[in-house]
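> could you look at this predicted model? Sequence included:
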Amino acid sequence: MSEPVPTRPFSAAGSGEHGFTLIELLVALALMGMAASLLLLGLQSAGLVALRERATASGLEEVIATQRLLRTSIERLRPISRVDTSEPIVDLRGTKGILTFVAPSLDRSAPDALQRFRLTRTASGELVLFGASTRKAGIDQSGTDLVGWTPTDLLSGVANLSISYFGVPPLGRALQWQDRWWDRSMPPDLVRIRIDFAQGDRRVWPDLVIRPRATTNSTCSIEGPGNLCGDGR
């Protein structure tokens with residue numbers, strides 16, 4: 001009786017060469033699949049990080065642009081005397097949540113035209129700078145009714161707006177920060193704007209402190225179709 005011939009394991013190589021067994025091939029394929037899954041997860045995580053970084057950069061750019069616009073506007077405010085009072089009162093009124101002042105237009109085509117601006121936060125959390133020509137008829141120049149004013153949306157998701165004014169209080173002599181600047185004979189020395197964003201918002205608002213270039217009462221009166229100061233200022 002003849003002895004059984006021993007069998008050799010399956011080989012993917014040629015005769016006389018040792019190759020991979022079927023089990024080894026399956027293990028290799030499984031490892032390659034795991035590596036591909038890990039690589040895909042890594043790419044997805046990198047994409048999420050890049051999206052977060054872009055969102056953070058976009059929020060920072062938005063804050064910088066808003067601060068630049070407000071600084072430019074408030075620095076150029078005009079301490080124009082109101083004509084409806086017997087005392088020299090500057091046409092500027094500010095509270096903790098609202099600031100109304102007169103300054104040159106934001107329109108580059110008419111940089112010397114004067115407008116009345118109002119910075120405020122809406123009930124929906126929008127920071128808005130309203131503007132209206134000082135010569136425009138049919139609008140409430142005091143800003144109580146903003147019908148006819150042109151809004152410039154600055155920021156969304158604003159939870160709190162706090163405006164402070166640095167100067168001499170009505171019944172004092174020492175300079176200090178105040179929450180109200182109303183019917184004074186001159187503008188404040190400094191205006192500070194603080195903003196808090198909604199909870200979970202990663203944007204940061206550094207304190208914006210602005211010094212108006214003109215801090216004394218002006219004899220300027222609004223004249224002409226271009227809303228220019230009568231004394232050329």
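Cool, got the structure.

> now the strands for this protein?
Secondary structure of the chain (DSSP state E): strands located at 93-94, 98-104, 114-121, 127-133, 150-155, 158-167, 176-178, 181-182, 190-197, 208-210, 222-223, 228-229.

> partners of the third one in the sheet?
Within its sheet, strand 114-121 is paired with strand 98-104 (antiparallel), strand 127-133 (antiparallel), according to DSSP bridges.

> try the first one
Taking DSSP bridges as the criterion, strand 93-94 pairs within the sheet with strand 98-104 (antiparallel), strand 181-182 (antiparallel).

> mean pLDDT and distance to residue 171 added to these, as a markdown table?
In this view, the C-beta of every residue, glycine as well, is placed from N, C-alpha and C. Listed next are the strands paired with strand 93-94 as a markdown table, based on pLDDT from 0 to 100; distance: least, CB to CB, whole Å:
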| stretch | mean pLDDT | distance to residue 171 |
| --- | --- | --- |
| strand 98-104 | 94 | 22 |
| strand 181-182 | 94 | 13 |
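
> turn those into TSV, columns for mean neighbour count and distance to residue 89.
Formatted as TSV, those follow (neighbours: other CB atoms under 10 Å; distance: least, CB to CB, whole Å):
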stretch	mean neighbour count	distance to residue 89
strand 98-104	21	13
strand 181-182	18	9
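
> would you reformat the strands of the chain as TSV and include distance to residue 35?
As requested, the strands of the chain are arranged in TSV below (distance: least, CB to CB, whole Å):
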stretch	distance to residue 35
strand 93-94	63
strand 98-104	60
strand 114-121	52
strand 127-133	49
strand 150-155	45
strand 158-167	46
strand 176-178	61
strand 181-182	66
strand 190-197	42
strand 208-210	51
strand 222-223	74
strand 228-229	72
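
> between the ones you listed, which one is nearest to residue 40?
For those, distance to residue 40 was read as CB to CB. The smallest value, 34.5 Å, belongs to strand 190-197.

> among the strands paired with strand 93-94, which comes closest to residue 156?
With respect to residue 156, and counting by CB to CB, the nearest of the strands paired with strand 93-94 is strand 98-104 at 18.4 Å.

> which other residues reach the closest one?
Applying CB atoms under 8 Å, 6 or more residues apart in numbering, the contact partners of strand 98-104 are 73-74, 76-78, 80, 91-94, 111-120, 134, 142-143, 163, 187, 191.

> can I have the buried ones of the residues you listed as a PyMOL selection?
The buried residues among those can be selected in PyMOL (16 or more other CB atoms under 10 Å) with this line:
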select buried, resi 73+74+77+78+80+91+92+93+94+113+114+115+116+117+118+119+120+134+143+163+187+191
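
> which among the strands of the chain is found nearest to residue 62?
Distances from residue 62 to each of those were compared using CB to CB; the minimum, 6.4 Å, belongs to strand 150-155.
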